[in-house]
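> Model the structure of this input:
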Amino acid sequence: MLEDVQSDKATISRALTQNRTLKDQLAELQNGFVQLTNENMELTSAIQSEQHVKKELARRMGELQEQLHNVKEQVRSLTSEAQGLVEQRDQVAAHLQQYSAAYQALASEREQLHRQYFTQSQLMDRLQHDESQGRAQLEVSQNELKRAQEHLDHLVQDNEHLKAEVRELLNSSALAMAPRDEGDGVESKLPQETIPESSAIIVPQDFESQKEMVRTLFHNHQTFDPYSIAHPQVITRFIIKLSRVKMCPEGEGVPVEVHQALQMAMEKLQERFTSLMQEKADLKEPRPLRSPRRTARRSRSCSCCRRSRTRRGYRGRPHSWARTPASPSSTVPTSRMR
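Sure thing, here's the model as predicted:
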């Protein structure tokens, strides 16, 4: 029994030690379970938090995906707009190039137009100046033409008057030649002058045309000296030839030099004719007998004075015989007036 008891004691002590070890293990297991429970709770809370975070992240991701889609759409629209802007930029660049080329062309055209305007303005100024000069010259030429026409009209009238007067003078000289031979003897002492065939100016009997007469007078007017012609019939015949030069018809005309030559020749002839008629009138007047030398000296002095007086009178009014119509009282010789 004792052995049984001792063996029971030993088993009880072993059981107690096992119980103690089991308790310790149970306590350890409980502590481990508590730790596991705590860890599980922590893990659960962490999982819940993670799930919440996951939900938030999913929501945020959805929002981001929506934003990304919107951004992609915006990028697409902006890309299309950028492409349109690039095309517009290319078009604007092409237009700018065209505009620059057109501007350069317009600038060159403007310079050319400016040069043309400047040249046109110079031409207009020249044309206006030439037009003003032409108008002035036209007025002067019209006035000269008018004066020449009037002068020619007066010349025609004077030629007609001179023709009539020459006819009267020829008639009177023909009537006066017969009684002069029966006078006081002074005229009979004069030498019978014959008409010279070659005088200072050649006067043909008849001209084929008016131009021939004008040409002949123009060639001989410089060497013509009416004082070398002594016979009055030569002078009257030459006056008649000069009186035939009238105003030419339209389309023809007498040059100024020829007209001046004819005028000078007419003045010289009138001067010589007046001096001859004056000398004849002086010879007709009764005078006391003088010595021949004194008479010749006095006649020469009277002739020189008369020539100088007549020349001064014609030089003072060079065209008075042609501008005013000749009246019988003004053109009658001195002998007839006396």
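> Determine the set of other helices and strands touching the longest helix seen in the chain.
Using DSSP state H to define each element, the chain has its longest helix at helix 2-180. Helix 2-180 is packed against helix 232-243, helix 320-323, helix 328-331, with contacts defined by 3 or more CB pairs under 8 Å, 6 or more residues apart in numbering; DSSP states H and E. From N, CA and C alone the C-beta is placed, and that goes for glycine too.
> and with 10 Å instead?
Identification of packing neighbours for helix 2-180 by 3 or more CB pairs under 10 Å, 6 or more residues apart in numbering; DSSP states H and E yields helix 232-243, helix 256-284, helix 320-323, helix 328-331, helix 334-337.
> Quick one: mean pLDDT over the first one.
Confidence for helix 232-243, expressed as mean pLDDT, is 54.
> With the last one instead?
On average, the pLDDT along helix 334-337 is 38.
> The third one too?
The pLDDT scores in helix 320-323 average 39.
> again with stretch 148-155
The pLDDT scores in stretch 148-155 average 83.
> Go through it and flag the buried ones.
By neighbour count, with 16 or more other CB atoms under 10 Å as the criterion, the buried positions of stretch 148-155 are 148, 151-152, 154-155.
> Mind putting those into a markdown table with distance to S172?
Output for the buried residues of stretch 148-155, formatted as a markdown table (distance: CB to CB, whole Å):
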| residue | distance to S172 |
| --- | --- |
| A148 | 34 |
| H151 | 30 |
| L152 | 29 |
| H154 | 26 |
| L155 | 25 |
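> Go through the residues you listed and say which is closest to Q25.
Of all the buried residues of stretch 148-155, Q25 sits closest to A148, with 168.5 Å by CB to CB.
> quick one: the closest one from L155, how far?
Taken as CB to CB, to the nearest Å, the spacing of A148 relative to L155 amounts to 10 Å.
> and if you look at L113?
According to CB to CB, L113 and L155 sit 58 Å apart.
> what does R126 give?
Separation of R126 from L155 (CB to CB) stands at 40 Å.
> go on, Q120?
Distance of Q120 to L155, computed by CB to CB: 49 Å.
> okay, now R126: neighbour count?
When counting by other CB atoms under 10 Å, one arrives at 10 neighbours for R126.
> got a pLDDT number for it?
At R126, the pLDDT value in this model is 89.
> for V258, same thing?
Here the pLDDT value assigned to V258 is 60.
> ok, now the one 5 residues further on?
Note for Q263: predicted pLDDT of 73.
> Is it in contact with H154, as I believe?
No: taking CB atoms under 10 Å as the definition, Q263 is not a contact partner of H154, at 11.6 Å.
> Report the contact partners of Q83.
Contact analysis of Q83 by CB atoms under 10 Å, 6 or more residues apart in numbering lists nothing.
> how close does it sit to S77?
Q83 sits 11 Å away from S77, going by CB to CB.
> Could you check how many residues crowd around A265?
By the other CB under 10 Å criterion, the neighbourhood of A265 contains 21 residues.
> Can you give me the distance of it to R272?
Between A265 and R272 the distance, using CB to CB, works out to 10 Å.
> pLDDT weak spots in the protein?
For the chain, residues meeting the criterion pLDDT under 70 lie at 173-259, 261-262, 280, 283-338.
> Mind doing that once more with 90?
Applying pLDDT under 90 to the chain flags the ranges 1-20, 22-54, 57, 120-121, 123-124, 126-338.
> ok, so what distance separates H129 from S49?
With the distance defined as CB to CB, H129 ends up 110 Å from S49.
> and what of L96?
To S49, L96 is 64 Å away according to CB to CB.
> just A281 next, same as before
Counting by CB to CB - A281 and S49 are separated by 171 Å.
> These two - which one has more neighbours?
Using other CB under 10 Å as the criterion, A281 and S49 rank with A281 on top: 15 against 10.
> what about the more buried one, distance to R167?
Relative to R167, A281 is positioned 20 Å away (CB to CB).
> Same check on N40?
177 Å.
> go on, E279?
In this structure, E279 lies at 22 Å from R167, with CB to CB as the measure.
> if you count what's nearby, which of those two comes out ahead?
For the pair E279 and R167, the greater number of neighbours falls to E279 (16 against 12), based on other CB under 10 Å.
> Restrict stretch 147-161 to CA atoms and write it as CSV.
In CSV, the C-alpha atoms belonging to stretch 147-161 read as follows (Å, rounded to 0.1, in the frame of the first residue of the first chain):
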residue,chain,number,x,y,z
ARG,A,147,-0.2,145.0,-139.9
ALA,A,148,1.3,143.4,-143.0
GLN,A,149,-2.2,142.9,-144.5
GLU,A,150,-3.1,146.5,-143.7
HIS,A,151,0.3,147.6,-145.1
LEU,A,152,-0.3,145.6,-148.3
ASP,A,153,-3.8,147.0,-148.6
HIS,A,154,-2.4,150.5,-148.2
LEU,A,155,0.3,149.6,-150.7
VAL,A,156,-2.3,148.5,-153.2
GLN,A,157,-4.2,151.7,-152.7
ASP,A,158,-1.0,153.7,-153.0
ASN,A,159,0.0,151.8,-156.1
GLU,A,160,-3.4,152.7,-157.7
HIS,A,161,-3.0,156.3,-156.7
